[in-house]
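> Quick one, structure for this:
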Amino acid sequence: MADALFPHQKLDWLISRLEDKVHERPDDPQARLELARALISRGLFHSGMRDGAERECNRAFGTLRKVLQEDPGNAEAHTLAGLALLGMSRPEGALKYLDQALRLDPERADLRLALGMLAREQGDLGAAVRQCEGACRKAPDSWETHTSLARALMDLARSQGWPQRLVERSQFHLVRALRLGAPPDQQAPLFRDMGITCMRTGRHRDAEKFFIRLREHDRFRTEASLHLGRVAYELGKYNNAIQHFRAYLRDRPEDADVLARVAMCWFQLGEFSRAREACNQALMREPMHLEARQALGATLLEEGQPNEALRVFRETLKEVPGYLPAYLEMVRTRRRGGDGGWLQQALTTEVRNHDRLPQGGRSGARTLTRQRVGVVLDELKALGPGSVGGVLSSIEHTQDEGLRFQLWESACDMAVGAVADRASSRLRAAGTSYGPALGAEALAGAGALPDPVLIEGLNLDEGDIKKAAVDRYPPADDVRKHREQLAKERDRARAHQAMLLVAIGARRSAAGKALLRDWAETADPELASAAWAALAMYGEPEATRRLRDRAVQRGAVPVVERLLSGVTPAAGTQPRRVSDGEHTRCSTCGRAPHEVSHMMAGGDSVICDRCVMRIATHRRSMTAADDAVCNLCHRTHFEAAVFTYNGHQICNHCLELSLGLLEREEVDRFLAEW
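The predicted structure follows:
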């Protein structure tokens with residue numbers, strides 16, 4: 001609390017004392033500034049009511065006008081006057097005072113805080129984040145600046161569909177605000193925001209703990225019930241969710257959103273009549289409530305009334321043509337009914353209409369049509385490879401290159417799926433079906449084959465090879481010929497396994513990576529080379545080095561280099577965290593791993609978290625030359641902003657990766673302690 005920008009302790013007593021001080025010394029500007037700051041603190045942070053905030057801020061503004069009459073160049077007074085006017089919902093008036101403060105003293109933390117509040121009030125969320133970031137840099141130990149930045153980031157995340165990185169940043173600054181001693185009456189809204197960010201980052205059990213604490217506060221009890229219901233729903237505790245939603249509805253009985261969610265709870269529990277009843281209650285309050293209509297349609301489908309469900313979806317689309325979930329359910333219902341002809345006609349109709357529609361932005365008619373085409377294509381794919389011809393024929397109905405590519409790509413995916421389906425059954429019986437041809441099919445269909453199927457196809461033993469040496473050839477005349485057949489089958493089995501290892505590498509899954517590393521370390525040199533080649537697809541520098549060493553031994557350097565150049569991601573270009581026990585040092589400051597929290601390695605460079613924090617704080621003054629390339633990932637200015645520090649370059653992408661790691665670790669520690 002010592003580094004807070006405003007007073008927060010014993011405000012009533014403090015304000016009373018300062019009022020007496022101003023009364024005794026009416027010409028003391030410092031006393032008036034202290035009084036104004038205390039009044040603004042009570043208004044902005046502790047009033048709890050809008051009219052209370054306006055009353056306190058109005059009193060503060062009246063006090064500040066006296067200061068500014070006598071000292072028009074007082075930057076603190078201009079800043080506080082701007083804050084007071086913001087508390088009175090007068091952003092236009094606040095702008096005049098804040099502009100003057102900016103000219104007088106642009107380095108003030110409370111000024112940046114005020115400018116962030118002004119930008120949020122005006123709806124410029126990006127500017128709000130930038131100004132609040134500036135406030136945090138100037139007052140890193142103030143809970144007010146971290147709270148303001150956290151909420152600005154949350155607003156920006158909400159407006160952009162909750163991207164993970166923005167939510168994580170917001171969560172980190174909420175943790176900082178709580179650690180820095182936010183006063184007790186500010187903790188409840190911080191708990192609420194922490195719970196929301198935990199929900200958005202998949203930490204539902206942590207979110208549940210915050211919302212349970214939130215129920216202890218009268219002001220937030222109803223909201224806590226709402227969020228607890230949402231958390232319980234995400235955790236699959238549908239009965240609990242219904243109880244929480246009912247507690248919320250006791251205070252907000254007209255909330256159609258929550259009634260629709262209650263309907264979905266009953267739906268998940270298989271209580272379809274109750275689900276339908278809850279849907280109808282929501283629709284009585286809001287006849288065009290989309291989620292309630294969607295839940296009603298889904299319930300009718302489960303009750304065996306597809307025609308009634310289709311009617312609900314059609315009526316919804318008639319009123320709101322852009323509501324994609326209803327279109328999805330309608331198309332899916334047709335597919336489940338085996339109506340491939342309807343699906344093909346729907347695809348042709350959407351493709352034909354596309355070029356006639358006006359071009360627009362993200363929500364334009366063409367964009368919506370492309371989304372609907374994607375829905376139909378997914379359902380045609382589920383019908384099987386027989387739809388490939390129809391998809392290809394629809395290409396001729398559009399001249400839009402983007403749509404033509406979408407259709408062509410979908411047709412290719414269907415073809416790959418057909419290959420994968422054919423290979424899958426044979427891989428499950430690899431002992432009798434193995435061979436280079438099956439390996440090639442698995443590699444061609446790798447994107448559609450799950451890891452367990454590919455791994456099962458790897459499992460060959462000597463008995464399988466001996467059996468194949470007998471079953472696949474005419475009877476051998478002598479032992480020598482039988483041994484030749486056996487050697488030939490061993491080669492075929494190794495080729496099969498090598499191609500499956502590469503297929504696993506093409507999928508780039510975490511489980512596949514662990515398996516490949518085991519094969520690379522334990523298999524014979526030829527199969528180990530295949531495993532290293534697969535690991536090179538993950539961007540593993542060690543795999544690239546092993547392959548190059550092997551290429552030198554075998555005289556195949558040009559071939560290996562040509563193959564490595566086509567690997568995506570390129571070997572060594574994906575930054576990674578330096579693991580415990582690695583012997584390395586930061587390229588910029590020379591620190592060892594035990595001296596810092598973590599290090600990032602990539603390319604030919606290593607950077608520690610301390611240097612990352614320094615660059616992040618001073619990035620504006622560290623912009624690299626136009627031709628600079630990130631030492632960690634090889635990105636250029638064209639791909640991400642590049643900064644230079646102690647002769648090394650790091651791009652904004654790698655900077656955010658490292659900062660994100662730091663912030664997640666801080667959040668993890670806080671949640672574990674909390």
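> And stretch 423-433, end to end?
10 Å (Cα to Cα, to the nearest Å).
> buried stuff in it?
423-424, 426-427, 430-431, 433 (16 or more other Cβ atoms under 10 Å). Using the backbone N, CA and C atoms, a C-beta is placed for each residue, glycine as well.
> need the contact list for the residue nearest the centre of the chain.
Taking Cα atoms, centre = their mean, the centroid of the chain lies closest to Q164, which sits 2.8 Å from it. Residues near Q164 by Cβ atoms under 8 Å, 6 or more residues apart in numbering: 200-201.
> The one 5 residues further on too?
Contact analysis of R169 by Cβ under 8 Å, 6+ apart lists 153, 660, 663.
> Which members of those are positioned in helices?
Per DSSP state H, helices hold the following members of those: 153, 660, 663.
> ranking those by neighbours, who comes first?
L153 (26 neighbours; other Cβ atoms under 10 Å).
> Which of the contacts of R169 scores worst on pLDDT?
Minimum pLDDT for the contacts of R169 is recorded at G660 (84).
> Surely that one and V167 touch.
No - here G660 does not reach V167: they are 11.0 Å apart, not a contact under Cβ atoms under 8 Å.
> quick one, phi/psi of the closest residue to A309 other than its chain neighbours?
Once flanking residues are discounted, A309 sits nearest to L300: 3.9 Å by Cβ to Cβ, 6 or more residues apart in numbering. Per-residue torsions, L300: phi -60, psi -40 (degrees, to the nearest 10).
> re earlier: reformat the buried residues of stretch 423-433 as CSV; add distance to T201 and secondary structure.
Converted to CSV, the buried residues of stretch 423-433 look like this (distance: Cβ to Cβ, whole Å; DSSP: H, G, I helix; E, B strand; the rest coil):
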residue, distance to T201, secondary structure
A423, 38, helix
S424, 35, helix
R426, 42, helix
L427, 37, helix
A430, 41, helix
G431, 45, helix
S433, 44, helix
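> Buried residues in the one helix or strand Q30 maps to, which are they?
Assigned by DSSP states H and E, Q30 belongs to helix 29-41. Of the residues in helix 29-41, 29, 31-41 count as buried by neighbour count, 16+ other Cβ under 10 Å.
> Likewise for stretch 344-360?
So for stretch 344-360, counting by 16+ other Cβ under 10 Å, buried means 344, 346-347, 349-351, 353-354.
> measure the residue nearest to the centre of the chain to M600 for me?
To M600, Q164 is 19 Å away according to Cβ to Cβ, to the nearest Å.
> same check, this time on D105
Counting by Cβ to Cβ, the gap from D105 to M600 is 37 Å.
> name the helices or strands packed onto the longest helix anywhere in the chain?
Taking DSSP H as the criterion, the chain has its longest helix at helix 479-507. Applying 3 or more Cβ pairs under 8 Å, 6 or more residues apart in numbering; DSSP states H and E, we find helix 479-507 packed against helix 436-444, helix 451-458, helix 462-471, helix 510-522, helix 525-536.
> how far off helix 525-536 does that helix point, in degrees?
Per axes from the mean of the first three to the mean of the last three Cα atoms, to 10 degrees, the angle that helix 479-507 makes with helix 525-536 is 10 degrees.
> ok now helix 479-507, how far from the chain's centre?
Its chain's C-alpha centre and that of helix 479-507 lie 42 Å apart, by Cα atoms, centre = their mean, to the nearest Å.
> Check stretch 465-481 too.
56 Å.
> what's it in contact with?
431-432, 434, 482, 485-486, 488-490, 492-493.
> who wins for neighbours among these?
With neighbours taken as other Cβ under 10 Å, the top of the contacts of stretch 465-481 is Y434, carrying 27 neighbours.
> who's in contact with that residue?
With Cβ under 8 Å, 6+ apart, Y434 has these contacts: 457, 460, 464, 468, 492-493, 496.
> Reformat those residues as a markdown table; add distance to T544 and pLDDT.
Listed next are the contacts of Y434 as a markdown table, based on distance: Cβ to Cβ, whole Å; pLDDT from 0 to 100:
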| residue | distance to T544 | pLDDT |
| --- | --- | --- |
| G457 | 26 | 94 |
| L460 | 28 | 93 |
| D464 | 33 | 94 |
| A468 | 35 | 93 |
| R492 | 29 | 95 |
| A493 | 27 | 95 |
| H496 | 25 | 96 |
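> Between which two of the residues you listed is the distance greatest?
G457 and A468 (14.6 Å; Cβ to Cβ).
> the more surrounded of the two?
Comparing G457 with A468 by neighbour count (other Cβ under 10 Å), the higher total belongs to G457, at 28 against 23.
> Apart from its neighbours in sequence, what residue is nearest that one?
L427 (3.5 Å).
> And the contacts of stretch 546-564?
Taking Cβ under 8 Å, 6+ apart as the rule, stretch 546-564 contacts 520, 525, 529, 532-533, 536, 544, 571.
> and which of the residues you listed is nearest M613?
Checking the contacts of stretch 546-564 one by one against M613 (Cβ to Cβ), the nearest turns out to be A571, at 29.1 Å.
> quick revisit: between the helices and strands packed on helix 479-507, which one is closest to H594.
helix 510-522 (25.7 Å).
> mind checking how far the least confident helix or strand in the chain by mean pLDDT is from the chain centre?
Every helix and strand of the chain was ranked by mean pLDDT, DSSP states H and E. The lowest is strand 576-577, at a mean of 80. In this view, strand 576-577 has its centroid 19 Å away from the chain centroid, taken as Cα atoms, centre = their mean.
> Could you check how many residues crowd around H78?
Neighbours of H78 using other Cβ under 10 Å come to 27.
> Report the contact partners of it.
Contacts of H78 by Cβ under 8 Å, 6+ apart are 68, 97-98, 100-101, 104.
> switch the cut-off to 6 Å
By Cβ atoms under 6 Å, 6 or more residues apart in numbering, the residues touching H78 are 97, 100-101.
> again, but for E54
M88.
> Low-confidence bits of the protein, can you list those?
Across the chain, the ranges flagged by pLDDT under 70 are 1-2, 360-363, 566-574, 580-581.
> Walk me through the domains of it.
Split into domains by automatic domain parsing, the chain comes to 429-565, 584-673.
> In JSON lines, list these along with distance to G82.
Converted to JSON lines, the domains of the chain look like this (distance: least, Cβ to Cβ, whole Å):
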{"stretch": "domain 429-565", "distance to G82": "50"}
{"stretch": "domain 584-673", "distance to G82": "24"}
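> R576 is nearest to which of these?
Closest among the domains of the chain, using Cβ to Cβ: domain 584-673, at 5.8 Å.
> So the nearest residue to G73 once chain neighbours are set aside versus A498, what's the distance?
Closest residue in space to G73, ignoring its immediate chain neighbours: L104 at 6.1 Å, by Cβ to Cβ, 6+ apart. Distance of L104 to A498, given as Cβ to Cβ: 72 Å.
> Mind checking which of these two has more residues around it?
A498 (22 against 17).
> Which residues are in contact with that one?
A498 neighbours (Cβ under 6 Å, 6+ apart): A530.
> Next: V231.
Counting by Cβ under 6 Å, 6+ apart, V231 touches 204, 207-208.
> Try it again at 7 Å.
199, 204, 207-208, 211 (Cβ atoms under 7 Å, 6 or more residues apart in numbering).
> Please apply the same query to R219.
So R219 contacts 48, 188 (Cβ under 7 Å, 6+ apart).
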